[in-house]
Structure formats: structure tokens, C-alpha cells
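> task: produce atomic coordinates for the following.
(one chain, ligands or ions: 2)
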Amino acid sequence: MTSSPPEPLLRAEGVTVRFGGLVALSEVDLEVPPRTVVGLIGPNGAGKTTLFNVLSGVVRPQEGRLTYGGRPLRDHRPHHLARLRIARTFQGLNLFGGMTVLDNVAVGADRLAAGGALGMLTGLGRHARDERDLYARARAALAEFDIADTAAALPGTLPYGVQKRVALARALVADPELLLLDEPAGGLSAGDVDALGARIRGLRDRMAVVLVEHHVDLVMSVCDRVVVLNFGRVVRAGTPDEVRADPAVTEAYLGTPAEAGSDA
Ligand SMILES: Nc1ncnc2c1ncn2[C@@H]1O[C@H](COP(=O)(O)OP(=O)(O)O)[C@@H](O)[C@H]1O
Ligand SMILES: [Mg+2]
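Numbers count the residues shown, from 1 in each chain. Ligands and ions are numbered 1, 2, ... in the order given. Below is the predicted model of the structure:
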């Protein structure tokens, strides 16, 4: 840890989101420094998904502002993320069932090609060299996740844990600066969760990560910083140790010491 924190890559200030009369987020501040893993935890209904959706341009906040790389991020949409070098995964899998694993992963690299990977895959507006490069990157991403042998398979024929790795490989193939992960541990076995934790820790040298997860042990073990939401407000932000030691957090969320249970 350095003594003076670097300028954040992503900053959210005073973010408020209302759904009708319901306040889902209330004046939430969040900072994501470069090459830092930031965990977002909190009980059901705390506003985690809403904040994730604000960051990924799916939900527009009524109040507050975002900056990315020091510049205002206004009215961004999910389809702008690739250009901003932000990648995301989805709570489920969101893989294309009719495409091979390799094609699914190649789609994630669409910022690299002017025509877009989908255009390339369907034979529109692409150059052979771009396409070779794209597939080389997709194969490298699969190899990094130890699933090179699944390249030709259809996702639906693979175990769930492997499909989750395909989804993560797809997010990484475009070489993002910021990776947004929505409950990546959902549905994984204990062994797969441990492996996922190691992979996320390994990403820290290359990118910043926002990890929305109710698997508390995973968050505490991989994150540099943890932000705890409750009723749409930030209850506490700090290192895992600081957050764990805060009685307000224990009361609001953990209930029992974090080691005692991993699922909220
Ligand atoms: N599209 C929506 N319309 C209305 N209410 C919503 C919508 N999305 C979320 N909410 C409400 O906002 C609050 C926060 O939800 P959410 O962000 O999904 O919490 P979490 O992900 O922490 O469980 C909840 O009370 C939820 O019911
Ligand atoms: Mg949620």
C-alpha cells in the first residue's frame, strides 16, 4: 500500500437513485483507484445492483456525478463501455448459446475492431488481419483461464463453473482498465470460488475491479477496499480489516463475525 492513494480511476459522488417513491441509493460516494479491487457488499436490497447499474450506464441517477479518468462521465450507456475500456460481467452468464466458446470470447474484444466483433463474426466490414488478431487474443484469454480445450464447444454443454470462466474471459479479452463484476461467485462450488478469488487477485496488476458480491469471505480475501451499503447508504468504506472491525457494519450486515458465514 502506498501512503498517498492515487487519483481514482472512477469516482462517484452524491449518487442518488429513486424508483418512484423508493430511494434505492442516497448520496453514495465511491472511489475506485487504478489497479485496485473494490468490493461492494451489503444485505439484500441495500442498493448494490443499482450502484453497479449506475456505473455501467444502465441506470441514470437523479443526482450526483461520475468521473472516469478525471473526466466527467455523463449519459454513458452500456454500449459506450468498451470505448471507455470498461468491461462488465452479468449476474447470470449472458453467453450466446448458439456460438462456440471461442466466438463468445471474441465478441468481448469488439473495441479492438472498428466494425465490432459481431460485425466481424457475421462477415461485415472486417479485415482478415484484425480477425486473426482478435481470435489470437480470444484463445490467449481462454488459455489464461485454463479452458483452451473448450474453444469449439457450445457453452451450454459445459459445467456452470466453466461457463462462468468463459464469461470472465470474454470480459477480459478487450484488455479493460476497469472490470465490473456482478456476483461472479453466484452458483459456484467452494473450490471454484477459491480459484475465482485467486484469479481476481491476479487481475489487480492490470486493471481496477469493482466486485459486487454477497459472498463475504471472497470479498474480504480479494479486495483492497470494501464499501458496505445498507438501505442505499454507505455505512462504511475501508480496508477489509477496518470494515470487519466496525461494529456498525457487524450490526447492519454481518450479524456475526465474517468468518462464521459466507452467504448473506
Ligand atoms: N427497477 C427497479 N424498480 C423499482 N425498484 C427497484 C428497481 N431496482 C431495484 N429496486 C429497489 O431498490 C432497492 C435496491 O435494490 P438493489 O440495488 O437490487 O439491491 P441489492 O442489489 O443490494 O440487493 C430495493 O429496495 C429494490 O427493491
Ligand atoms: Mg443485487
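
> which other helices and strands contact the helix or strand containing Gly197?
Following DSSP states H and E, one finds Gly197 within helix 190-203. Judged by 3 or more Cβ pairs under 8 Å, 6 or more residues apart in numbering; DSSP states H and E, helix 190-203 is in contact with strand 37-41, helix 160-172, strand 208-212, helix 216-222. From N, CA and C alone the C-beta is placed, and that goes for glycine too.

> please redo it, this time with the cut-off set to 7 Å
Judged by 3 or more Cβ pairs under 7 Å, 6 or more residues apart in numbering; DSSP states H and E, the packing partners of helix 190-203 are strand 208-212, helix 216-222.

> which residues touch it?
Contact with helix 190-203 is made by 37, 161, 179, 184-185, 188, 209, 211, 215, 218, 221-222, as judged by Cβ atoms under 7 Å, 6 or more residues apart in numbering.

> among the residues you listed, which ones are buried?
Buried members of these, counted by 16 or more other Cβ atoms under 10 Å: 37, 179, 184-185, 188, 209, 211, 215, 218, 221-222.

> look up phi and psi at Gly21.
When quoted as degrees, to the nearest 10, the phi and psi of Gly21 stand at phi -80, psi -10.

> Leu73 now?
Backbone geometry at Leu73, expressed as degrees, to the nearest 10, gives phi -110, psi 100.

> state the distance from it to ligand 1.
Here Leu73 is placed at a distance of 20 Å from ligand 1 (Cβ to the nearest ligand atom, to the nearest Å).

> excluding chain neighbours, what is closest to that residue?
Leu66 (4.1 Å; Cβ to Cβ, 6 or more residues apart in numbering).

> so that neighbour lies in a strand, does it not?
Yes - judged by DSSP: H, G, I helix; E, B strand; the rest coil, Leu66 forms part of a strand.

> got any ranges where the stretch 151-264 of the chain has weak pLDDT?
Judged against pLDDT under 70, the low-scoring parts of the stretch 151-264 of the chain cover residues 253-264.

> up against ligand 1, what does it have?
Taking Cβ under 6 Å from any ligand atom, no part of the stretch 151-264 of the chain reaches ligand 1.

> Ala136 and ligand 2: what is the separation?
36 Å (Cβ to the ion, to the nearest Å).

> buried sites along the helix or strand encompassing that residue?
Using DSSP H and E, Ala136 maps to helix 128-144. The neighbour-count check on helix 128-144 (16+ other Cβ under 10 Å) flags 130-131, 134-135, 137-139, 141-142, 144 as buried.

> surely the residue nearest to Leu73 touches Ala12?
Yes - using Cβ atoms under 7 Å as the test, Leu66 is close enough to Ala12 to be in contact (5.2 Å).
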